[in-house]
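Novice: give me a model of this one.
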Amino acid sequence: MRLWGAGRKREKAFSLPADIFKRHTGLTDCYFLDWGVEQMLTKEQVEEVLNMLEGLYPTASTELVFSTPYELLVSTILSAQCTDARVNVVTKELFKEYNTPEKMITLTQEELERLIHSCGFYHNKAKNILAASKMLVEKYDSQVPDSLEELVNLPGVGRKTANVVGSIAFGIDAIAVDTHVFRVANRIGITNAKDELHTELQLMEQIKKERWSHAHHLILWHGRRICHSRRPECEKCPVAGCCEYNNAEEKICS
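Specialist: Numbers count the residues shown, from 1 in each chain. Now for the predicted structure:
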């Protein structure tokens, strides 16, 4: 069984394997997804876009500083609505004493809140970090699970966090969609989706599986450095000719 998604151009509908859809949504029934797609780049054009971004960002990777899967998990939870640079400042001090689940749960929520205060949303983040750490100790022998299905069961761990930890710490093929990836992928025309879930599903269809994880970093870096939310620097962008947002007259992708 395959699940079909299409936009207003019905003849360009694309299919999504049912197992992928079920894994990422928890839904089992086939239904029609109308993402309002006017036009998306072809898979060949997407490959060319990624190649250009790879040339622009040859060292693209996570900018979070960590040494273990647990530290990456905590850092990723802290990174929600916060810059990686700020997270790294906070975790540099935090991980000096509290770099394992056992050590983390010796803190009270109020104590942890004070340590992570500058990351924002510190109340919920502290609550989730402590709850996740407690579950790791009690259920996983203090080890971060290496499957997306188990990761999303941890308190405070959603799809994006699970995909980040799974792909970076364990080499799982996954595409994490944050605000940057959502904005850039839809702006360029790699996807045309209304939310992060459907952006991820479209990216999985548009990009070869072996490039999923690295594509996340390439698109993320582009969003942070050139394709800003406000005033994107299109004149500096090597993929402007392919970009639906830029709407260039001469396409460099054919």
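Novice: longest helix anywhere in this structure?
Specialist: helix 122-139 (DSSP state H).
Novice: residues in contact with Gly154?
Specialist: Small correction: residue 154 is Leu, not Gly. By Cβ atoms under 8 Å, 6 or more residues apart in numbering, the contact set of Leu154 is Leu73, Ala132, Met135, Leu136, Pro145. Yep, even glycine has a C-beta here, placed from its N, CA and C like the rest.
Novice: run the last query once more with 6 Å
Specialist: Going by Cβ atoms under 6 Å, 6 or more residues apart in numbering, Leu154 touches Ala132, Met135.
Novice: by contact count, what packs against the longest helix of the chain?
Specialist: The helices and strands touching helix 122-139, judged by 3 or more Cβ pairs under 6 Å, 6 or more residues apart in numbering; DSSP states H and E, are helix 69-78, helix 101-104, helix 109-116.
Novice: most neighbours per residue, which of those helices?
Specialist: Comparing the helices and strands packed on helix 122-139 by mean neighbour count (mean count of other Cβ atoms under 10 Å), helix 69-78 comes out on top with a mean of 24.
Novice: hmm, who's touching the longest helix of the chain?
Specialist: Everything outside helix 122-139 that qualifies as a contact, by Cβ under 6 Å, 6+ apart, is 74, 77-78, 101-102, 104-105, 109, 112-113, 116, 142, 154-156.
Novice: so which of those comes closest to His216?
Specialist: Taking Cβ to Cβ as the measure, His216 sits nearest to Ile77 out of the contacts of helix 122-139, at 17.4 Å.
Novice: from what I can see that closest one touches Gly158, true?
Specialist: No - judged on Cβ atoms under 6 Å, Ile77 makes no contact with Gly158 at a distance of 9.6 Å.
Novice: pull the number of nearby residues for the nearest residue to Leu72 once chain neighbours are set aside.
Specialist: Spatial nearest neighbour of Leu72, excluding adjacent residues (Cβ to Cβ, 6 or more residues apart in numbering): Phe66 at 4.3 Å. By other Cβ atoms under 10 Å, the residues close to Phe66 number 21.
Novice: so when I look at Phe66, I'm seeing a helix, right?
Specialist: No - under DSSP: H, G, I helix; E, B strand; the rest coil, Phe66 falls outside any helix and is assigned coil.
Novice: tell me where this protein has helices.
Specialist: According to DSSP H, the helices that the chain contains are 18-25, 43-56, 69-78, 84-97, 101-104, 109-116, 122-139, 148-151, 159-170, 179-188, 196-206, 212-225.
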